[in-house]
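Undergrad: Here is a sequence together with a model predicted from it:
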Amino acid sequence: PVVLGIESSCDETGAGLVRGGRLLGHAVASSMEEHARFGGVVPEIAARAHVHSFTPVVHRALAEAGLRMSDIGAVAVTTGPGLSGALQVGLAGAKGLAYALGVPLYGVHHLAGHVAADTLAHGPLPDPCVVLIVSGGHTSLLFVRDLARDPIVHLGDTLDDAAGECFDKVARVFRLPYPGGPAIDRMAREGDARAVTLPRPLTGPRDDPYTFSFSGLKTAAARWAERHRGQELPVADGAAALQEAVADVLTRKAVAACTAHGVGTLVVVGGVAANSRVRALAEERCAAAGLTLRVPPLKLCTDNGAMIAAIGDLLVRAGADPAPLDVSIDPSAPLEYAALHPVARP
Ligand code: ATP
Ligand code: MG
Ligand code: FE
């Protein structure tokens, strides 16, 4: 069947259509600009924007695919994690469509969607593979078998900030425009990473090899900026150094996880997988270690509906149970299984 995927966990409203592992069409609307003057996502504004964008985005995805509403055979929707008001809008819309069309509904984990995004570009994931998920809210190294069936094993997570959060927060200190990650990436091109010394947290011999920490790095970058008070801040150098430190730690640990577990493929997904230095350094280090690297194209790294359709499609083909129509959201769902069907709460 054609699977419609709906994403609304943060500030992107996404709809995607996938059949048999192939992306047929997708569309994304973002409320990013409405949040820019607040320096971060305002949950109430994000939820209202999803109400506004839901139907147009579904129609745009259908038009791109050359399909009609009646061609949809299943609906997958992000039920967590994310902002509760934002998730509620997508789930309510998805339930309405599934009910009206008489098709099954699947509640899926947003991060499993990020992982599945890569299958749209590069085909089925090898079993097993190591996945580095780096986004605005999460940074984890995962051992993945069959994404639709098996439990997802966490090799390590961040103790504090996510890598994307680190970029976003340091960008604010550097007075770069919102959102910070892409702004740091752009500025870094003009800078010299060696001009500023920043730490590589949790890379010592006694540190856990797969655990991350980015709050100390964020603080070190902020202190460096403070030392320039009253002078002009060499932002490009700071951005380059921060990006180098993040990319270095991420790729070093990810490659070590593959080597230690005898896994031949590293998959890097999530918004920070769009970072040019993360991509280049991952490429370089995987090649040196004899590993295959998979990274989705830029458009599929940040939040979108295609990735939710992709994981829905995998669940449908794996024969997973659909969600009951009274399924609810789970804003802080841990990543254990791709399908997220929490029981309805009163
Ligand atoms: P999560 O997926 O953890 O719930 P999210 O959905 O908000 O969080 P994503 O959409 O996956 O996160 O990614 C957004 C993050 O990616 C932001 O922190 C943003 O700054 C970062 N990001 C996007 N592009 C780049 C880039 N080129 N370089 C660095 N960071 C980037
Ligand atoms: Mg976003
Ligand atoms: Fe995301």
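TA: Done, it's in. Ligands and ions are numbered 1, 2, ... in the order given.
Undergrad: Mind listing what's buried along the strand or helix carrying residue 242?
TA: Applying DSSP states H and E as the criterion places residue 242 in helix 235-260. Judged by neighbour count using 16 or more other Cβ atoms under 10 Å, the buried positions of helix 235-260 are 235-251, 253-258. Yep, even glycine has a C-beta here, placed from its N, CA and C like the rest.
Undergrad: same check, this time on stretch 324-336
TA: Neighbour-count burial for stretch 324-336 [16+ other Cβ under 10 Å]: 327, 328, 329, 330, 333, 335.
Undergrad: which of those residues come close to ligand 3?
TA: Among the buried residues of stretch 324-336, proximity to ligand 3 is found for none (Cβ under 5 Å from the ion).
Undergrad: need those residues in CSV with secondary structure and pLDDT, can you?
TA: Shown next, in CSV, are the buried residues of stretch 324-336 (DSSP: H, G, I helix; E, B strand; the rest coil; pLDDT from 0 to 100):
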residue, secondary structure, pLDDT
327, coil, 94
328, coil, 95
329, coil, 97
330, coil, 96
333, coil, 95
335, coil, 96
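Undergrad: Going by distance to residue 199, which of those wins?
TA: Nearest to residue 199 among those: residue 335, at 27.6 Å, using Cβ to Cβ.
Undergrad: And the helices in the protein, which stretches?
TA: Using DSSP state H, the helices of the chain run over 32-35, 43-65, 84-101, 110-122, 163-173, 180-188, 215-226, 235-260, 276-289, 298-301, 306-317.
Undergrad: between these, which gets nearest to ligand 2?
TA: helix 32-35 (6.3 Å; Cβ to the ion).
Undergrad: Return the set of buried residues in that closest one.
TA: Here helix 32-35 shows 32, 35 as buried, counting by 16+ other Cβ under 10 Å.
Undergrad: Could you confirm whether the helix-or-strand element of the chain with minimal mean pLDDT reaches ligand 1?
TA: When each helix and strand of the chain is scored by mean pLDDT, DSSP states H and E, helix 32-35 comes last, with a mean of 94. No. Using Cβ under 6 Å from any ligand atom, helix 32-35 stays clear of ligand 1, coming no nearer than 10.0 Å.
Undergrad: What are the contacting residues of that helix?
TA: The contact list for helix 32-35, computed with Cβ atoms under 8 Å, 6 or more residues apart in numbering, reads 11, 12, 41, 42, 45, 46, 49, 178, 179.
Undergrad: Between the two ends of stretch 154-171, how far is it?
TA: By Cα to Cα, to the nearest Å, the extent of stretch 154-171 from end to end equals 29 Å.
Undergrad: OK, contacts around residue 99?
TA: With the criterion set at Cβ under 8 Å, 6+ apart, residue 99 makes contact with residue 325.
Undergrad: Can you pull the residues of this protein lying near ligand 2?
TA: Neighbours of ligand 2 within the chain, by Cβ under 5 Å from the ion: 10, 11, 12.
Undergrad: Could you check how far the second one is from residue 41?
TA: For residue 11, the distance to residue 41 under the criterion Cβ to Cβ, to the nearest Å works out to 5 Å.
Undergrad: Who has more neighbours out of the two?
TA: Neighbours per residue, other Cβ atoms under 10 Å: of residue 11 and residue 41, the larger number sits with residue 11, 25 against 18.
Undergrad: Quick check: phi and psi on the more buried one?
TA: Backbone geometry at residue 11, expressed as degrees, to the nearest 10, gives phi -110, psi 0.
Undergrad: in the chain, what spans have low per-residue confidence?
TA: 342-346 (pLDDT under 70).
Undergrad: What residues does the most far-flung residue of it relative to its centre make contact with?
TA: Taking Cα atoms, centre = their mean, the residue of the chain most remote from its mean C-alpha position is residue 230, at 37.5 Å. For residue 230, no residue meets the contact criterion (Cβ under 8 Å, 6+ apart).
Undergrad: quick one: it and ligand 1, what's the gap?
TA: Separation of residue 230 from ligand 1 (Cβ to the nearest ligand atom, to the nearest Å): 29 Å.
Undergrad: cool, and residue 92?
TA: With Cβ to the nearest ligand atom as the criterion, residue 92 and ligand 1 are 20 Å apart.
Undergrad: That residue: neighbouring residues, count only.
TA: Residue 92 has 16 nearby residues by other Cβ under 10 Å.
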